[in-house]
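*Asks:* here is the input, now give the coordinates:
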Amino acid sequence: LKGPMLASYSPFRPPLLRFCNRYPAESIHFFLSQIESPYMRNLFLVFLRSEDGGPLRAALGGSVDKLISVCFKDGPGGIAKLQASLATSAMAPPKPSMQQGALSGLPSHPMGSTPG
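*Replies:* Got it, this is the predicted structure:
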């Protein structure tokens, strides 16, 4: 497999990618049906990111509806819930960060006082 940061950990990956490229629609169907498995999801992403994964990416581009239905199993209601959740979190005040004084009660030096 060629591509940035795509180390092949198995000698079976290049032949499997060639097979997936030969049957891209069927491969997309298979990988989307196995998307819950972290191993299969990661393998699918490696194949999609590979320079040799063009036919697979093209087939995925033609299966946008299926991709959305797999990712949002609740259907349009799931997308509405996601949008509502994003809108709610956008309206909520930001949580304090290190720069905003979240650690104001802690001493500035790890040992409790400045070295002197």
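*Asks:* what about residue 30, how many neighbours?
*Replies:* Neighbour count of residue 30, defined by other C-beta atoms under 10 Å: 13. The C-beta positions use only the backbone N, C-alpha and C, and glycine is treated the same way.
*Asks:* just the element for it, please.
*Replies:* Here residue 30, judged by DSSP states H and E, is contained in helix 24-33.
*Asks:* mind listing residues that contact that helix?
*Replies:* 19-21, 40-41, 43-44, 55-56, 58-60, 63, 66-67, 70 (C-beta atoms under 8 Å, 6 or more residues apart in numbering).
*Asks:* what's the PyMOL line that selects buried ones from those?
*Replies:* To isolate the buried subset of the contacts of helix 24-33 in PyMOL, counting by 16 or more other C-beta atoms under 10 Å, use the following:
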select buried, resi 20+21+43+44+55+56+59+60+63
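*Asks:* least confident of the contacts of helix 24-33?
*Replies:* Ranked by pLDDT, the contacts of helix 24-33 bottom out at residue 70, which scores 79.
*Asks:* isn't that residue right up against residue 35?
*Replies:* Yes - Residue 70 is in contact with residue 35 according to C-beta atoms under 8 Å; the separation is 5.7 Å.
*Asks:* with the contacts of helix 24-33 in mind, which one is nearest to residue 13?
*Replies:* Closest to residue 13 out of the contacts of helix 24-33 is residue 43 (7.7 Å), distances taken as C-beta to C-beta.
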